[in-house]
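S.K.: predicted model and sequence follow; I will ask about them next.
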Amino acid sequence: MTRPPKRSAAPPPGASMPPPPAVPPGPPLPQQRAAGGAPPGSPSPAPRRTAFAEGVDRLRAAATTEPGRLRIIGALLAVLVLAFGAVTAWQMNERSAAADDVLHRSQPLSSAAADVYRSLAEANTAASSGFLAGGQETKTSRDRYEKGVRTAAEGLVEAAASSDAGSPAAQTITRLNRLLPEYKGLIERARTYNRQGFPVGGAYLRYANEKMQEEMLPAAEDLYTRENQRLSDDYADAKPYPWAAIALGVLALAALGWAQHRNYRRTNRVLNHGLVAATSAAAVVLLWLVVGHSVARSDLNDSYDHGVRSLNALHEARIASLKARGDENLTLVARGAETTKVGDETYDAYDFDFEKNMTALGKGLAEARRLADDEAGSRPVAAANDNMTEWKKRHASAREQDENGNYQQALDLVIGGKGATVECFDGVDASLAEALGHEKDEFERAAGDGLGAMRLLPEGAAALAVLGAAGAVLGIGRRLSEYR
């Protein structure tokens, strides 16, 4: 039987404890690492590498093998095709939106601003014509005046609804809305005094005409100019070629062609179905982009050259004819009370303005006739020109009678029935209205065709790009499967 070992006896009281055995140094404790780091003399640990650097190393290592290279090529092809589709969709969406604004927003607003200008001039002309008739103002002239004022007010409401609050256009509209009631009040006072036979009626009419010519028509012209500038800006956004998308498309096709050539050299296989599908999708998008935008650009140019420019020339000609008619009437109303001096010569102020506006009318008609590209557009312009020529002859006869003191004969030659200048003016106005209707239809047709050529292109490009990217990935995946 084995005895247990003897337990050492406890040291007597007062005896000293022997020193503990020496412990070899070990790694620092966590508390030591937190407090002071590695012990002195130990080598410093290597800095930890970033995830990006590690990813680059893995990518470099993968590129040394054929499967790795194929994966990189497939990813790059997919990204390139998707980028091509995304940029195409973005750029064509912007151009399509601008073309839609040209057709449905900018040009209608430009025409509305021109109608405001024309309606104000028409109301002023009708008011002077009614005044010349004396107390027996005709229903036709009264209705024409009311229609002009009403059309101008409606045009201002439409323009106000489309303008930005606080913009210069909105301020111009506010000013015109304030001036229009003031003008109407002056015309009603002129009519009231004229019916009573008081000469002060003529002074009120001249004051109303001065407010129209010096304040209202310049403000309306400023509004028209601003809306035309907005239209030009929309054209500038819709027509430029999408060069970024085209460049990406060419690059994507080049990369896909290179990938297929590389595949042929390594496998001696002529076609890879996935890469062929991706190439076909990219080629369709690029062809659709170039042809579609070229057709749209051509149609938009046509809508501007033979639509907007023709409409502008016709609007200016019609406004000039209305202003000339008002000056002709006021020449008889004022009876020489208003004069203007040019050099050493003194002229009747309204007759001088009549000649100036008739010159503007002639220039507008010549420009409109030059821009007309078919018989339906040139025929009414030619008719307006013939009426203008006859109008000048009859006006010269009326001025001769007035200067010889035959006021009634001059009045009959201006507002009378057959053979009066009013016939020629009405002929000019009717012909210009017909030409405006035709050119508006031409604009809408050409601008609509331009918008139609870009329709569905953004959506189609995005869808085909996704299909192309999928084809590229599947094509490369088919090659990768051969290494498994």
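M.R.: Done, it's in.

S.K.: ok, now which ones touch residue 390?
M.R.: Contact analysis of residue 390 by C-beta atoms under 8 Å, 6 or more residues apart in numbering lists residue 424. Where C-beta positions appear, they are placed from N, C-alpha and C, glycine not excepted.

S.K.: also the one 4 residues further on?
M.R.: Contact criterion C-beta under 8 Å, 6+ apart gives 413, 419-421, 424 as the residues in contact with residue 394.

S.K.: tell me the secondary structure at it.
M.R.: helix (DSSP: H, G, I helix; E, B strand; the rest coil).

S.K.: what of residue 306?
M.R.: Quick answer, by three-state DSSP: residue 306 is helix.

S.K.: which non-adjacent residue is nearest it?
M.R.: Spatial nearest neighbour of residue 306, chain neighbours left out: residue 373 (5.0 Å); criterion: C-beta to C-beta, 6 or more residues apart in numbering.

S.K.: and the one you found, what's its pLDDT?
M.R.: What the model reports as pLDDT for residue 373 is 85.

S.K.: same check on residue 294?
M.R.: pLDDT, read off for residue 294, is 94.

S.K.: check which helix or strand it maps to.
M.R.: According to DSSP states H and E, residue 294 maps onto helix 273-303.

S.K.: now the element after that helix, going C-ward?
M.R.: Using DSSP H and E, the helix or strand that directly follows helix 273-303 along the chain is helix 309-334.

S.K.: before we move on, back to that, what comes up buried for the helix holding residue 294?
M.R.: 274-275, 277-279, 281-283, 285-286, 288-289, 292-293, 296-297, 299-300, 302-303 (16 or more other C-beta atoms under 10 Å).

S.K.: you'd agree residue 325 is up against residue 123?
M.R.: No. Judged on C-beta atoms under 8 Å, residue 325 makes no contact with residue 123 at a distance of 11.9 Å.

S.K.: sorry, back to before: buried ones among the contacts of residue 394?
M.R.: If you count burial by 16+ other C-beta under 10 Å, the buried members of the contacts of residue 394 come out as 413, 420-421, 424.

S.K.: include pLDDT, secondary structure and distance to residue 256 when you put those residues into a markdown table, please.
M.R.: Shown next, in a markdown table, are these (pLDDT from 0 to 100; DSSP: H, G, I helix; E, B strand; the rest coil; distance: C-beta to C-beta, whole Å):
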| residue | pLDDT | secondary structure | distance to residue 256 |
| --- | --- | --- | --- |
| 413 | 89 | helix | 80 |
| 420 | 89 | coil | 77 |
| 421 | 90 | helix | 73 |
| 424 | 92 | helix | 69 |
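
S.K.: between helix 309-334 and the helix holding residue 294, find me the angle.
M.R.: Computed with axes from the mean of the first three to the mean of the last three C-alpha atoms, to 10 degrees, the direction of helix 273-303 lies at 20 degrees from that of helix 309-334.

S.K.: so what's the gap between helix 273-303 and the chain middle?
M.R.: Relative to its parent chain, helix 273-303 has a centroid offset of 23 Å by C-alpha atoms, centre = their mean, to the nearest Å.

S.K.: any idea how far the closest residue to residue 377 other than its chain neighbours is from residue 379?
M.R.: With sequence-adjacent residues excluded and distances taken as C-beta to C-beta, 6+ apart, residue 377 is closest to residue 438, at 5.3 Å. According to C-beta to C-beta, to the nearest Å, residue 438 and residue 379 sit 9 Å apart.

S.K.: so what's the residue lying closest to residue 275 once chain neighbours are set aside up against?
M.R.: Nearest residue to residue 275, sequence neighbours excluded (C-beta to C-beta, 6+ apart): residue 475, at 4.0 Å. Shown in contact with residue 475 (C-beta under 8 Å, 6+ apart): 74, 272-278.

S.K.: mind listing what residue 78 touches?
M.R.: Taking C-beta under 8 Å, 6+ apart, we find residue 78 in contact with 469-470, 472-473.

S.K.: neighbour-wise, which one of those leads?
M.R.: The residue in the contacts of residue 78 with the most neighbours, by other C-beta atoms under 10 Å, is residue 472 (32 neighbours).

S.K.: quick one: that one and residue 275 touch, right?
M.R.: Yes. Here residue 472 reaches residue 275: they are 6.3 Å apart, a contact under C-beta under 8 Å.

S.K.: can you mark which positions in the helix or strand encompassing the residue nearest to residue 275 are buried?
M.R.: Using DSSP H and E, residue 475 falls within helix 457-480. Neighbour counts over helix 457-480 (16+ other C-beta under 10 Å) mark 457-458, 460-462, 464-476, 479 as buried.

S.K.: secondary structure element holding residue 347?
M.R.: Residue 347 belongs to strand 345-348 when assigned by DSSP H and E.

S.K.: partners of that strand, with directions?
M.R.: Next to strand 345-348 in the sheet, as set by DSSP bridges, lie strand 339-342 (antiparallel).

S.K.: which residues does the partner strand contact?
M.R.: With C-beta under 8 Å, 6+ apart, strand 339-342 has contacts from 346-349, 352.

S.K.: in CSV, list those residues along with pLDDT, neighbour count and distance to residue 208.
M.R.: Below are the contacts of strand 339-342 laid out as CSV (pLDDT from 0 to 100; neighbours: other C-beta atoms under 10 Å; distance: C-beta to C-beta, whole Å):
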residue, pLDDT, neighbour count, distance to residue 208
346, 77, 11, 25
347, 76, 14, 22
348, 79, 21, 19
349, 83, 19, 15
352, 88, 19, 20
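
S.K.: tally up the residues packed near residue 160, please.
M.R.: Number of residues near residue 160 (other C-beta under 10 Å) recorded here: 15.

S.K.: re the thing from before, tell me the SS of the residue nearest to residue 306?
M.R.: Under three-state DSSP, residue 373 falls in the coil class.

S.K.: tell me how far the host helix or strand of residue 247 lies from the chain's centre.
M.R.: Per DSSP H and E: residue 247 is located in helix 243-267. Helix 243-267 sits 36 Å away from the centroid of its parent chain (C-alpha atoms, centre = their mean).

S.K.: buried stuff in stretch 435-446?
M.R.: Neighbour counts over stretch 435-446 (16+ other C-beta under 10 Å) mark 435-436, 438-440, 442-444, 446 as buried.

S.K.: which of those residues sits closest to residue 202?
M.R.: residue 436 (33.6 Å; C-beta to C-beta).

S.K.: quick one: average pLDDT of the longest helix along the chain?
M.R.: Criterion DSSP state H: the longest helix present in the chain is helix 66-101. The pLDDT scores in helix 66-101 average 90.
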